[in-house]
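Participant: Everything below, folded, please.
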Amino acid sequence: MKVWLFRLLFGAAVLGVIGSAVWNNIATNRLIEQATGTDPAAQVQALQQMAQRDDFFDLIQSRRTPARLRVAEGVERLNSPDAVKIALAMLRDPEPKVRDRFLDALRKIGGNHLEALAEGLKNGDSKVKNGTIQVMSELGLKCLPVALKAFEDSGARDAAGEVLTRFGSASVPGLLKLLRNTQDEGLQLSAISVLGRIGDRRAVDAILPFLKLPPEKRRVVLTALASIADPRTESVLIKAIRSPDEDPDARAQAALGLGQMATPSALRALRAGLEDPNLIVADACVSGFQRAGTKALGMLQDALQSQNAATRRRAVLALGVLNDAQAVAMLTRALNDPDATVRRTAADALGTTGHPNAIPALIAALAHPDGGVARNATRSLVKIGAPAIPALIIQLRSPNPTVAYFAAHALSQIPEAEPALLKAAENPATQRYALVALKERASYAAKPLFERAARSEDPVMRQIAESALQQLSQ
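Facilitator: Next up is the predicted model:
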């Protein structure tokens, strides 16, 4: 009797558990249907309930894309912290159009619930974090107080720092207040880093005392000061770039800051830095000179006289961004540097200056005895593009077949060159290499010219034409 009663009670318990699970499953499905449905009132009520569940994202993901998109409409109607919570979670959706729709929803309701929105800054999913940064940046300075508050949280700090950086100078007073009031070294260094990225000179006096930190932490301070590039910190940056004990990346940042200042003493420090044994620092000095612009020409001329080929090459790289006649003249002389790497780098650099004087120098370099220089000059003429076409067309008649071929090869890669090439292919003096260029372009407009050349008495012309026609027929 007792065994029978026990079995009865056990069976009833099992049935109760099963029944409860079935009922919960039915209730959950009904909740999902309402949350993704078309009844506005039912949808809002369902979303309020779902927001309290840890599995609400997975539940919504069980529905097709149109249903998930409808949730965004409900989120906008709900317009509450819970609605923001749901919208943030939906930024993890695998469908880009769903994520974009919930970003729109956050733009509409996030400004009403900023603290809930700021929770997205500490989310571990990069899509949620980046979406939150984007929305807060677009909502503007109304988000500044919550961004500053989030910045104090180590879990949200990096993302909040990005928002504060985007707000620029408006963030500076709040960051300076944090810097003065906190004893948290991590927060201090993060604030210094953001202030550096903003680049506001009001931060300099507050940052300078932190130069007393150990080198591994001082790198953050030096990087910030270099980014701000306040003339008052010139001596600090010069000391840093000259000190092999400083972090190489910090010294590299100092080089960029000195280039921004471009004072005579800053440029002298960069000139010395071009020969630094640390390649990170030496290469950063190139970028520093590039920032200095034409003010750097004197020091770069001096660097071109260095006995060290690597230093001369770095000077050439720095000159390559200067759209200046003097820079072009210096690069033209460097085409005959005793070191092949320097010569070839100069041929490349001439193409990046954007100055018209570079064209005749590069045309002349097509005949350079160093084939690497000639090839790089060809590439630079392609980079210059349309302005180089007339000079290149003239070279198609060069008695030097190598020069004529390099000119043809360059013209084959300049999109605007086809009309000039078709015309040159009618001229006996330029016909052969014009056809070579048109063949390399696979020009259908040149097909009649190839057909005519295929009947030429010149076997080379026939070979070019027949090869081109075969290529066009494939």
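
Participant: Who are the contact partners of Gln52?
Facilitator: The neighbourhood of Gln52, defined by C-beta atoms under 8 Å, 6 or more residues apart in numbering, consists of Asp82. Quick note: C-beta positions are derived from backbone N, CA and C, even for glycine.

Participant: Also Thr182?
Facilitator: Thr182 makes contact with 152, 188, 191, according to C-beta under 8 Å, 6+ apart.

Participant: gap between it and Asp82?
Facilitator: From Thr182 across to Asp82, the span is 32 Å (C-beta to C-beta, to the nearest Å).

Participant: for Ala89, same thing?
Facilitator: Between Ala89 and Asp82 the distance is 11 Å, computed by C-beta to C-beta.

Participant: List the buried residues in stretch 211-228.
Facilitator: In terms of neighbour count (16 or more other C-beta atoms under 10 Å), stretch 211-228 has its buried residues at 213, 217-228.

Participant: hmm, back to that, out of the contacts of Thr182, which end up buried?
Facilitator: Going by neighbour count (16+ other C-beta under 10 Å), the contacts of Thr182 have 188, 191 buried.

Participant: which ones among the contacts of Thr182 are found in helices?
Facilitator: Among the contacts of Thr182, DSSP state H puts 188, 191 in helices.

Participant: how about the contacts of Thr182 in CSV, adding distance to Ile198?
Facilitator: As requested, those are exported to CSV (distance: C-beta to C-beta, whole Å):
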residue, distance to Ile198
Glu152, 18
Gln188, 16
Ala191, 11
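
Participant: Let me have the contacts of Thr182 in a markdown table, adding distance to Glu457 and pLDDT as columns.
Facilitator: Formatted as a markdown table, the contacts of Thr182 follow (distance: C-beta to C-beta, whole Å; pLDDT from 0 to 100):
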| residue | distance to Glu457 | pLDDT |
| --- | --- | --- |
| Glu152 | 86 | 97 |
| Gln188 | 84 | 97 |
| Ala191 | 81 | 98 |
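
Participant: closest to Leu331 among the contacts of Thr182?
Facilitator: Nearest to Leu331 among the contacts of Thr182 is Ala191, at 43.5 Å by C-beta to C-beta.

Participant: Now for that closest one: which residues touch it?
Facilitator: Contacts of Ala191 by C-beta under 8 Å, 6+ apart are 151, 175, 178-179, 182.

Participant: again, 10 Å this time
Facilitator: 148, 151-152, 157, 161, 164, 171, 174-180, 182, 184, 203, 206-207, 220, 224 (C-beta atoms under 10 Å, 6 or more residues apart in numbering).

Participant: try Ala296
Facilitator: 259, 262, 266-267, 270-271, 288-290, 303, 315, 318-319, 322, 327 are the contacts of Ala296 under C-beta under 10 Å, 6+ apart.

Participant: three-state assignment of it?
Facilitator: Secondary structure assignment for Ala296 (DSSP: H, G, I helix; E, B strand; the rest coil): helix.

Participant: For ChimeraX, what selects the buried ones among the contacts of Ala191?
Facilitator: With 16+ other C-beta under 10 Å as the criterion, this ChimeraX line picks the buried residues out of those:
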select :148,151,157,161,164,171,174,175,176,178,179,203,206,207,220,224
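
Participant: ok, which stretches of the stretch 1-150 of the chain are helices?
Facilitator: Secondary structure of the stretch 1-150 of the chain by DSSP state H, counting those that start in this stretch: the helices cover 2-35, 40-50, 56-61, 65-78, 81-89, 96-109, 114-118, 126-139, 144-151.

Participant: Among those helices, which one carries the weakest average confidence?
Facilitator: Per-stretch mean pLDDT for the helices of the stretch 1-150 of the chain is lowest at helix 2-35 (a mean of 58).

Participant: what helices or strands is the helix or strand where Ala377 lies leaning on?
Facilitator: Element membership for Ala377 (DSSP states H and E) is helix 371-384. In terms of contacts (3 or more C-beta pairs under 10 Å, 6 or more residues apart in numbering; DSSP states H and E), helix 371-384 is packed against helix 340-353, helix 358-365, helix 389-395, helix 401-412.

Participant: Could you rerun that using 8 Å?
Facilitator: helix 340-353, helix 358-365, helix 401-412 (3 or more C-beta pairs under 8 Å, 6 or more residues apart in numbering; DSSP states H and E).
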